[in-house]
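J.: Build me a model from this:
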Amino acid sequence: MNRPRMSSSRLLRLLHQDKTDPWAVRLLPRLVFGLAAACTLFVIASSSGSNFVTLCALLLFGLAVWLLRGRGQLLLALGSTTVAAALAGYFAAAGEAARWGQGLTVSGQAVFGYWALAGMALLGAWMVREHPGRRGVTVVLADVILVITSVLGMFVPEAGVAAGFLGVVGVLAVRGGGTAVARRGVSALLTGVRRDRAAQPGAKATERADS
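T.: Residues are numbered from 1 along each chain as shown. As a prediction, this is how the structure comes out:
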């Protein structure tokens, strides 16, 4: 019995629009504009199939941005990956269209190769547990190199995806601390080799003869 009374009292507060009641004063414009926006979006989405798909994509994108509003690096990485995939796909498609006009064969594999490299850059930045720098900046740098290599792939198709792979791997290695790990591994290997040489009997006999 209390819930109907509470709902009716709130409805009365909303309809009364007392200036001393900030809840009712703020809620009514929000309801009006919300219903108007919902009706507008419904009309736009029902006009054609392409508008419906575009509207759904925009709503999903807005929802993702709202959910990731507290994680700026991940939001930056997702935005950079989306833009890089679009630009690389466009340049790859433009290059293949030009080659198709010249009578050469077109496979379309370069577009998917660039998309795979963009996803690899995004995943590679978050696979490292202790990243020394900002992960979003790492993805942006990798995506910039990927777009540059896609422009190169317009003129040299055989080198586009390969150069993009090397560039993405290089950025992930440098920004993710891979070079430091490699240096530590090489130094540890050299130290072990020196210890093994010092522990050999021939080396000890030589040292005794010299002494």
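
J.: just checking, what packs against the longest helix seen in the chain?
T.: Looking across the chain with DSSP state H, the single longest helix is helix 72-101. In terms of contacts (3 or more CB pairs under 8 Å, 6 or more residues apart in numbering; DSSP states H and E), helix 72-101 is packed against helix 109-127, helix 135-155, helix 157-175. C-beta here means a position set from N, CA and C on the backbone, and glycine is covered the same way.

J.: Tell me how far L117 lies from D21.
T.: Note on L117: its distance to D21, by CB to CB, to the nearest Å, is 57 Å.

J.: which of the two has more neighbours?
T.: Using other CB atoms under 10 Å as the criterion, L117 and D21 rank with L117 on top: 25 against 13.

J.: Tell me the spacing between the more buried one and A125.
T.: For L117, the distance to A125 - CB to CB - is 13 Å.

J.: before we move on, what about G136?
T.: Taking CB to CB as the measure, G136 falls 8 Å from A125.

J.: Comparing those two, which residue is more hemmed in?
T.: Higher neighbour count among G136 and A125: A125, with 27 against 20, using other CB under 10 Å.

J.: Could you report the pLDDT at that one?
T.: pLDDT, A125: 85.

J.: pretty sure it contacts R135?
T.: Yes - in this structure, A125 is within contact of R135 by CB atoms under 8 Å, at 4.3 Å.

J.: Common neighbours of these two, please.
T.: A77 (CB atoms under 8 Å, 6 or more residues apart in numbering).

J.: So which other helices or strands are in contact with the helix or strand hosting V53?
T.: Per DSSP states H and E, V53 falls inside helix 49-67. Using 3+ CB pairs under 8 Å, 6+ apart as the contact criterion, the elements in contact with helix 49-67 are helix 22-47.
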